[in-house]
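1. Starting from these lines, generate the structure:
(one chain, ligands or ions: 1)
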Amino acid sequence: MKILQFGGTGQVATAVQAAAREGTEVVALSRAECDLEDPSAIRRAIQAAQCDLVLNTAAFTHVDPAESHPDEAFAVNATAPGVMAEVCAARDLPFIHLSTDAVFDGLTDRPYVETDEARPLNVYGRSKLAGEQAALAHPRAAVLRISWVFSRYGRNYVSFMLRLARERDVLKVVADQFGTPTDGEALAAFLVETAPRWAAAPSGDPAFGLFHFANAGETSRFEFAKAAIERDPLSRAKLEPTTQAAFAEPAPRPPRSPLDTAKLRAVFGFEPEPWRPAVERTADRLVTMGAIG
Ligand SMILES: NC(=O)c1ccc[n+]([C@@H]2O[C@H](COP(=O)([O-])OP(=O)(O)OC[C@H]3O[C@@H](n4cnc5c(N)ncnc54)[C@H](OP(=O)(O)O)[C@@H]3O)[C@@H](O)[C@H]2O)c1
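-> Modelled structure (predicted):
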């Protein structure tokens, strides 16, 4: 099983490389090796790879800067996956792409299912929605929407909050934004384990299409941070709840965007772990590794 992965250095990209098992080769391309703003570089990379599956973990993930850099966000998040899907379709290769809960407006009274209408509030969400639509033009594409990703790798909310809690006396955390954290290492293991199924599945197979992937349960940003910080004996900050409005970020965020994973369970038999033990385990590992920040 040879996976061509766009994204070499990102959080999920690194987790996938770590999850690769015997019999799975992940050829991961960093920005230096393939810039997603260059469609011809994407085409050349897929044509040269002789792979069984193409996985895109790269994205313009900076939600606030995306507001002032919409062209770059759309080039990386929408045009690039469209090119990947087009080349994969021409070569009959499965294409796996990642998207986000930020495609939703957050005005919901229940977890979002895949068929709910997407109404993004910000440029990042609009660019990711355009990217999933472009990806799904290929009948052998699977798009996994994920949310609030954490892991031992890269820049992520858990490692960031652990660092701030060591540095500050008081740490204000948003308490009026709700969602489902996603264990990036469980996602990576799922992607590697499911790769052979995707590689063998014909178009029309239920393994293709749009899926929500997240841990079980729903929480606030505040409780998410607290669950991690409480694991660190060197944390000193007093946590104080605040509001999204108080942060006045350039990009509006969905106030409530939990993801319903029933379709993932039905199609793949994947049972998501509750978010809290997954966050606690990751925080413990980050503390032990000294990889905070
Ligand atoms: N993290 C989350 O909470 C979250 C939530 C929902 C959905 N997602 C989605 O999950 C996926 C993986 O996210 P992540 O957390 O792994 O993100 P990440 O850690 O920010 O990594 C993004 C990667 O994309 C690369 N990249 C950006 N622009 C590029 C370009 N022009 N050419 C080539 N590579 C480029 C970055 O390379 P450089 O290092 O060179 O910049 C980086 O390696 C993305 O599709 C994201 O939208 C993430």
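
2. So for the residue of the stretch 1-150 of the chain found nearest the ligand, what's the pLDDT?
-> Closest to the ligand within the stretch 1-150 of the chain is Gly10: 2.3 Å, counting by CB to the nearest ligand atom. For every residue, glycine as well, the C-beta is placed using N, CA and C. Reading off the per-residue confidence, Gly10 sits at a pLDDT of 95.

3. And for it, the neighbour number?
-> Neighbour count of Gly10, defined by other CB atoms under 10 Å: 24.

4. Going along the chain, name the strands of this structure.
-> 2-6, 25-29, 53-56, 95-100, 141-146, 149-150, 170-174, 178-179, 182-183, 209-212, 219-220, 238-242 (DSSP state E).

5. hang on, the earlier thing: what sits against the residue of the stretch 1-150 of the chain closest to the ligand?
-> Thr57, Ala58, Ala59, Thr61, Gly154 (CB atoms under 8 Å, 6 or more residues apart in numbering).

6. list the contacts for the fourth one?
-> Taking CB under 8 Å, 6+ apart as the criterion, Thr61 is in contact with Gly10, Tyr124.

7. Could you do the first one as well?
-> Residues in contact with Thr57, defined by CB under 8 Å, 6+ apart, are Gln5, Phe6, Gly7, Gly10, Val12, Ala13, Val16, Leu98.

8. Wait, the last one touches Leu144, no?
-> I take that to be Leu98. Yes - here Leu98 lies in contact with Leu144, judged by CB atoms under 8 Å, at a distance of 5.6 Å.

9. These two - which one has more neighbours?
-> Under the criterion of other CB under 10 Å, the comparison of Leu98 against Leu144 puts Leu98 first, with 26 against 22.

10. what does the model give that one for pLDDT?
-> pLDDT, the model's per-residue confidence, is 98 for Leu98.
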